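*Asks:* pasting the sequence and the predicted model now:
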Amino acid sequence: MAPETKSRKPANTAFKQQRLKAWQPILTPKTVLPTFFIVGVIFAPLGGLLLWASNSVTELAIDYTYCDSRASDYPNFTNVPSDFISATFPQVSSPQQYISKVQWAREVVVPDEAKYTNSNIWRCHLQFVMPSELKPPLFIYYRLTNFYQNHRSYVKSFSAPQLKGVAVSADTLKDGPCKPMAVSDDNKAIYPCGLIANSIFNDTISNLTHISNLDQSSANNETYEFVSKGIAWPSDKQKYGATTYPNDQIRPPPDWASAYPNGTYTDSTPPPDLSTNELFQVWMRTAGLPDFRKLYSRNDTTILQAGTYELWIDYRYPVTRYGGTKSVVLSTVSFLGGKNSFLGLAYIAVGIACVVLGAIFTARHLYKPRKLGDHTYLSWNNTQAPGTHRE
C-alpha cells in the first residue's frame, strides 16, 4: 500500500480559511461628516485647555552667552539686550516693562576647583524683577542650542558597567565604546569614560538673592535656596553606583582635570559618587534635539516673593566655538507640566481644520448629493469616446 501523501491544504477552520466574522464599515456622508465635527468639537476645546495651561506658567529665560564680553564690570550693571530675554508673566498685562529691567555684570573670580591651576574665570551676575509671588515648585534649567547630543558617536560613548560601579580595566575600555575618552596618556582608565561624561555642563548657577535695597549693603538680603536633588528620573538613578576603582588606577576626564591636583584623583579629592550626583545623571540622559534644556535645581517648599533678585553664574562652559548659546531659565509648572504651547496649538489647528473640512464637505453633499451605490458612475457604464480602451 502506497504511503499517504501529506497535503499542504490548510485545515478547514474559520481562521485558516478566512471565514472569521468581521465588520467593514461603509464610509458614507452620514457617518463621515459627523466624525469631522465630533473631532473638531473635542480637539479645539482640549487644545484651548492645553494652551491655557501653558500660558499660566511663569517663565524667565536669559541668554548669558556673551556676558563675559558684553556685560559691564561688577558692581555696575547694564541692561541685557531684549533679544537675549524671553519672559512670560501671566499675572501682568505688560511683561515688557520687566524685560527691560533685566541687567547683567561680570567679574573675575578664582573658583574653588581652580585652586590647583590658579586659573581665573568670569562670573556673570544677573539681576531681574519678579512682578508677583510664585508658588512652589520652582525650577532652574540651563538651555543649550546647536549642541547635537543625538549624534550616533556621542550617544553610545559611555560604559554602562563602569557607571554602575564595576572597575572595568583600561585594556577593556580601549576596545569599548568610550573611545577616544577611554584611557589616559599614562594608560589609566578614565572615570567616568566617554564623550558624554567629558562634555558635562559645568557652569555653576547660584541660588537667588532677594535684594531688599539696591543702594544698601547686601547684609539684609534674603536667599531663596535651590537644591539639585530630585531632578533625575528614578529609573536613571538605578543605572549608577559608587565606583570600586582604587584612586590611583583612574584619571578624571580631560575636561575635568583642572578640578583635581595634577589632574588625578586622590584620597582628599576622590572621584564623584555617581549614584548621588543627579546633575551628572541628568546630563547623561542625552537630548533628542540640538536645542534642549535640562533641569539644574528646584525648590519645592518656599514661596518666591515679588521683588528684585540676583543670581550669579560661574562662566566655564564654552559654546561659541561651535556656534551655540546657553541660557538660564527660571520656571514654574502647571498641572500639565512646563511651558509648551506647541501641543495646544496643534490640537486647536486640527480641531479647526476638521470643522472647516466638515462644513465644506457638508455643503458639497447638500448642493450635489450622490446616491449610494449608483452604478452609473462605474467606468464601464459610461459612454466611451471613440478610440479609447475599455478596461
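*Replies:* That came in fine, so what should we check first?
*Asks:* alpha carbons of stretch 363-382, as CSV, please.
*Replies:* Taking C-alpha atoms only, stretch 363-382 is exported to CSV below (Å, rounded to 0.1, in the frame of the first residue of the first chain):
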residue,chain,number,x,y,z
ALA,A,363,-22.1,72.0,1.7
ARG,A,364,-20.9,69.9,-1.2
HIS,A,365,-23.1,67.0,-0.2
LEU,A,366,-26.2,69.2,0.1
TYR,A,367,-25.6,71.0,-3.1
LYS,A,368,-25.0,67.9,-5.3
PRO,A,369,-25.6,64.7,-3.4
ARG,A,370,-24.5,61.4,-4.7
LYS,A,371,-26.7,58.3,-4.3
LEU,A,372,-25.0,55.5,-2.5
GLY,A,373,-24.4,52.5,-4.8
ASP,A,374,-25.2,54.4,-8.0
HIS,A,375,-23.8,52.1,-10.8
THR,A,376,-23.9,54.9,-13.4
TYR,A,377,-20.6,56.2,-12.0
LEU,A,378,-18.8,52.9,-12.9
SER,A,379,-16.4,53.3,-15.9
TRP,A,380,-18.0,50.6,-18.0
ASN,A,381,-21.4,52.2,-17.7
ASN,A,382,-20.2,55.5,-19.1
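*Asks:* buried residues in it, which are they?
*Replies:* For stretch 363-382, the buried set under the neighbour-count rule, 16 or more other CB atoms under 10 Å, is empty. No exception for glycine: its C-beta is placed from N, CA and C like everyone else's.
*Asks:* what mean pLDDT does that stretch get?
*Replies:* In this model, stretch 363-382 has a mean pLDDT of 80.
*Asks:* just stretch 272-280 next, same as before
*Replies:* Mean pLDDT, stretch 272-280: 95.
*Asks:* quick check: end-to-end length of it?
*Replies:* With CA to CA, to the nearest Å as the measure, stretch 272-280 spans 10 Å from end to end.
*Asks:* go on, stretch 284-296?
*Replies:* 13 Å.
*Asks:* got the buried residues for it?
*Replies:* Neighbour-count burial for stretch 284-296, with 16+ other CB under 10 Å as criterion, is recorded at 284, 286, 292, 293, 294, 295, 296.
*Asks:* now, these that are in helices?
*Replies:* Among those, the members found in helices (DSSP state H) are residue 284.
*Asks:* could you export the buried residues of stretch 284-296 as a markdown table, including distance to residue 129 and pLDDT?
*Replies:* Below are these laid out as a markdown table (distance: CB to CB, whole Å; pLDDT from 0 to 100):
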| residue | distance to residue 129 | pLDDT |
| --- | --- | --- |
| 284 | 36 | 97 |
| 286 | 36 | 96 |
| 292 | 28 | 97 |
| 293 | 23 | 96 |
| 294 | 26 | 97 |
| 295 | 24 | 97 |
| 296 | 22 | 98 |
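*Asks:* now for the buried residues of stretch 284-296: which two are most distant?
*Replies:* Farthest-apart pair in the buried residues of stretch 284-296 is 286 and 296; separation 16.6 Å (CB to CB).
*Asks:* which ones are touching residue 351?
*Replies:* Neighbouring residues of residue 351 by CB atoms under 8 Å, 6 or more residues apart in numbering: 39, 40, 41, 42, 43, 44, 45, 46, 47.
*Asks:* hang on, it in a helix?
*Replies:* Yes - with DSSP: H, G, I helix; E, B strand; the rest coil as the criterion, residue 351 is part of a helix.
*Asks:* for PyMOL, write the select line for the buried members of the contacts of residue 351.
*Replies:* Burial among these is assessed by 16+ other CB under 10 Å; the matching PyMOL selection reads:
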select buried, resi 39+40+43+44+46+47
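*Asks:* filter the contacts of residue 351 down to the ones in helices?
*Replies:* Taking DSSP H, the ones among the contacts of residue 351 that sit in helices are 39, 40, 41, 42, 43, 44, 45, 46, 47.
*Asks:* any idea how far the third one lies from residue 119?
*Replies:* Think residue 41. 63 Å (CB to CB, to the nearest Å).
*Asks:* what do you get for the fourth one?
*Replies:* Plainly put, residue 42 is 59 Å away from residue 119 if you go by CB to CB.
*Asks:* burial measure for residue 55, as a count.
*Replies:* Using other CB atoms under 10 Å, residue 55 is surrounded by 13 other residues.
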